[in-house]
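Undergrad: Requesting a structural model of the entry that follows:
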Amino acid sequence: MKRSTRALIGLIGAATALSLAACSSGGSSGTSTSSGPTTLVFWHYEGADSAMNQSWQTAITQFEADNPGVTIKVENQTFEQLQKNAKIVLAGKAVPDIMEYNKGNGTAGQLASQGLLTDLTADAKTYGWDTTLPSSLQTTAKYDANGLMGSGNWYGVPTYGEYVTVYYNKDMFTKNGIAVPTTMAELKTSMDAFVAKGITPIANAGAEYPASQLWYELVLSHADRSFVDNFQLFKNDVSWTSGPLLQGTQDFADWVAKGYVAKDSSGLKAEDMGTAFIAGKYPIMISGSWWFGRLNTEVKFTMGQMLFPGNKLNAGSSGNLLVIPTNSTHKDLAAKFINTALGAKAQAVMGDKGGLPVAADTSSITDPQTKLLTDNWNQVVKDDGLSFYPDWPVAGFYDQVVSFGQTIINGSKPPADALAALGTYYESGKKDITGK
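TA: Predicted coordinates:
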């Protein structure tokens, strides 16, 4: 994909800023590996009130207590920064020692195949991660030589799970005399009723991930496990002119046409969507479990949760990975910290704060909303319903899927034409990975 000179300069500038941040904070290239105080730099992009951040802070406190003289310095980044600039930054010397990074072929898989991430296979055996984590969650931790997830060596470790779910404002349903749906047919009926009252049902954001994840839920409503294996793991070819991809695309376009999704949402970001839902402007928000901690704290209405009606398959996976850049000079300590993040204390906090721990006893959760979130997650895992995310399969696909979603919302191209363009990019990226 070509970039303009201005875009390239901006990319390099942003990457330089990230690199300087690591260097100026006493990053791995400037700390001692033998004696004296040691500082590990940890990059992540989770909010202060998120379960992930609170769990990792617990792990940091425990790790520093267990390892006198070692300090972990957190430097907050953004998802977009790391998504766009990680390849450039990690090729340098001023890198973090531990980093949160998105999982999937086109993200962690690409960095692993380029030699930018440390092989953690030996650590997985030493610390028992290969037996602690359920096999369905190990899929995103392992990558082969081509960067394809699901097999090969360990290049990252998840400390939580995540999935796309449906949050809804019970008060808005009650006030408008509309029954809470339990099936897809009932969901459409309820959304028609809201539209008839002049209320757009679904909070959405086309400029970032939410719209594409709604589209993917609609695709999955027509799919089975073989489709997911073909689309995500390249087991076989997928059709871009029929089947789940076309059916889900047509559904998405229909939902926009019927007023379920606002046409002016194409330029909105995830934060816009979330704050509007929190403010009570929309009855429904379809997005990730990573929103739960904030919603459970900030909403003033009675909130409900449910899985996407009728779906056995749902967008979701292990959470983002904790990875160790190849150029870190504190790899052993970094791996030890990751193991602490999988320990009982940190995992208990993950569960208590509304995260989805991967190595904890969740039976002690008492908060009803947190328990419902966890029960729904356990149901998806039990049903083998984790279907990853639509932007994962090939490098650079996130930007393409976001643009595709905006095109559908704007109606600037017929749905089939927009899907065909997306398919062309996917097939090219697939060939780069598999050679065919």
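
Undergrad: Number of residues surrounding the residue lying closest to L246 once chain neighbours are set aside?
TA: Spatial nearest neighbour of L246, chain neighbours left out: L419 (6.2 Å); criterion: CB to CB, 6 or more residues apart in numbering. No exception for glycine: its C-beta is placed from N, CA and C like everyone else's. L419 has 24 neighbours, counted by other CB atoms under 10 Å.

Undergrad: got a list of what L419 touches?
TA: Applying CB atoms under 8 Å, 6 or more residues apart in numbering to L419 gives the contacts 240-241, 245-246, 249, 404.

Undergrad: Please, a PyMOL command that selects the buried ones among those residues?
TA: Buried members of the contacts of L419, defined by 16 or more other CB atoms under 10 Å, are picked up in PyMOL with:
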select buried, resi 240+245+246+249+404
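
Undergrad: ok, the contacts of L419 vs M184, which is closest?
TA: T249 (16.6 Å; CB to CB).

Undergrad: how about the helix or strand where the closest one lies as CSV, C-alpha atoms only?
TA: Following DSSP states H and E, one finds T249 within helix 243-257. In CSV, the C-alpha atoms belonging to helix 243-257 read as follows (Å, rounded to 0.1, in the frame of the first residue of the first chain):
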residue,chain,number,x,y,z
GLY,A,243,-22.0,-16.9,1.8
PRO,A,244,-21.4,-15.4,5.3
LEU,A,245,-19.3,-12.4,4.1
LEU,A,246,-21.8,-11.2,1.6
GLN,A,247,-24.8,-12.0,3.8
GLY,A,248,-23.4,-10.2,6.7
THR,A,249,-22.5,-7.2,4.5
GLN,A,250,-26.0,-7.0,3.2
ASP,A,251,-27.3,-7.2,6.7
PHE,A,252,-25.1,-4.3,7.8
ALA,A,253,-26.2,-2.2,4.9
ASP,A,254,-29.8,-3.0,5.7
TRP,A,255,-29.4,-2.1,9.3
VAL,A,256,-28.0,1.3,8.3
ALA,A,257,-30.9,1.8,5.8
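
Undergrad: quick one: which of the contacts of L419 is nearest W377?
TA: Of all those, L245 has the smallest distance to W377: 26.0 Å, by CB to CB.

Undergrad: low-confidence ranges in this protein?
TA: 1-35 (pLDDT under 70).

Undergrad: Would you map out the domains in it?
TA: Domain segmentation of the chain under automatic domain parsing yields 5-160+320-360, 162-316+389-434.

Undergrad: Distance to L373 added to those, as JSON lines?
TA: Below are the domains of the chain laid out as JSON lines (distance: least, CB to CB, whole Å):
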{"stretch": "domain 5-160+320-360", "distance to L373": "6"}
{"stretch": "domain 162-316+389-434", "distance to L373": "5"}
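
Undergrad: closest to T366 out of those domains?
TA: With CB to CB as the criterion, T366 lies closest to domain 5-160+320-360 of the domains of the chain, at 8.9 Å.

Undergrad: closest to A193 among the contacts of L419?
TA: For the contacts of L419, the minimum distance to A193 (CB to CB) is 25.2 Å, reached by T249.

Undergrad: Am I right that the closest one is in contact with A418?
TA: Yes: with contacts counted by CB atoms under 8 Å, T249 reaches A418, the gap being 7.3 Å.

Undergrad: Overlap in contacts, the two.
TA: Common contacts of T249 and A418 (CB under 8 Å, 6+ apart): I408.

Undergrad: ok, which stretches of the stretch 51-200 of the chain are helices?
TA: 51-66, 79-90, 110-113, 121-127, 129-132, 135-138, 170-175, 184-196 (DSSP state H, counting those that start in this stretch).

Undergrad: Please work out which of those is packed deepest.
TA: Stretch with highest mean neighbour count among those: helix 110-113 (a mean of 24; mean count of other CB atoms under 10 Å).

Undergrad: Who are the packing partners of that helix?
TA: helix 79-90 (3 or more CB pairs under 8 Å, 6 or more residues apart in numbering; DSSP states H and E).

Undergrad: Who are the packing partners of the helix it packs on?
TA: With contacts taken as 3+ CB pairs under 8 Å, 6+ apart, helix 79-90 sits against helix 5-24, strand 98-101, helix 110-113.

Undergrad: Name the strands paired with the second one and say parallel or antiparallel.
TA: Strand 98-101 has the following sheet partners, assigned by DSSP bridges: strand 38-44 (parallel), strand 321-323 (antiparallel).

Undergrad: So for stretch 91-100, what gets flagged as buried?
TA: 91-92, 94-100.

Undergrad: P201 touches P283, doesn't it?
TA: Yes: using CB under 8 Å, P201 makes contact with P283 at a distance of 5.7 Å.

Undergrad: okay, and the common contacts of the two?
TA: Common contact partners of P201 and P283 (CB under 8 Å, 6+ apart): F194.

Undergrad: got the residue ranges for the strands in the stretch 251-400 of the chain?
TA: Assigned by DSSP state E, counting those that start in this stretch, the strands in the stretch 251-400 of the chain fall at 284-288, 303-306, 316-318, 321-323.

Undergrad: which other residues reach stretch 375-386?
TA: 134, 136, 161, 163, 165, 225, 289, 305-307, 311-314, 316-317, 356, 362.

Undergrad: With stretch 267-275 instead?
TA: Contact partners of stretch 267-275, identified using CB under 8 Å, 6+ apart, comprise 203-210, 265, 285, 287, 291, 294-295, 406.

Undergrad: any idea which of those residues is closest to D123?
TA: For the contacts of stretch 267-275, the residue nearest D123 by CB to CB is Y209; the value is 30.3 Å.

Undergrad: Nearest residue to the closest one in space, please, no chain neighbours.
TA: Using CB to CB, 6+ apart and skipping the chain neighbours, the partner closest in space to Y209 is A270 (6.4 Å).

Undergrad: So the one you found versus Y127, what's the distance?
TA: 34 Å (CB to CB, to the nearest Å).

Undergrad: ok, now S412?
TA: Using CB to CB, S412 is found at 50 Å from Y127.

Undergrad: Repeat that for F173.
TA: Distance from F173 to Y127, counting by CB to CB: 46 Å.

Undergrad: residue contacts, M184?
TA: Contacts for M184 (CB under 8 Å, 6+ apart) come out as 221, 309-310.

Undergrad: Now rank these by neighbours and give me the top one.
TA: Counting neighbours by other CB under 10 Å, S221 leads the contacts of M184 with 19 neighbours.

Undergrad: Who are the contact partners of S266?
TA: Taking CB under 8 Å, 6+ apart, we find S266 in contact with 206-207, 211, 405-406, 409-410.
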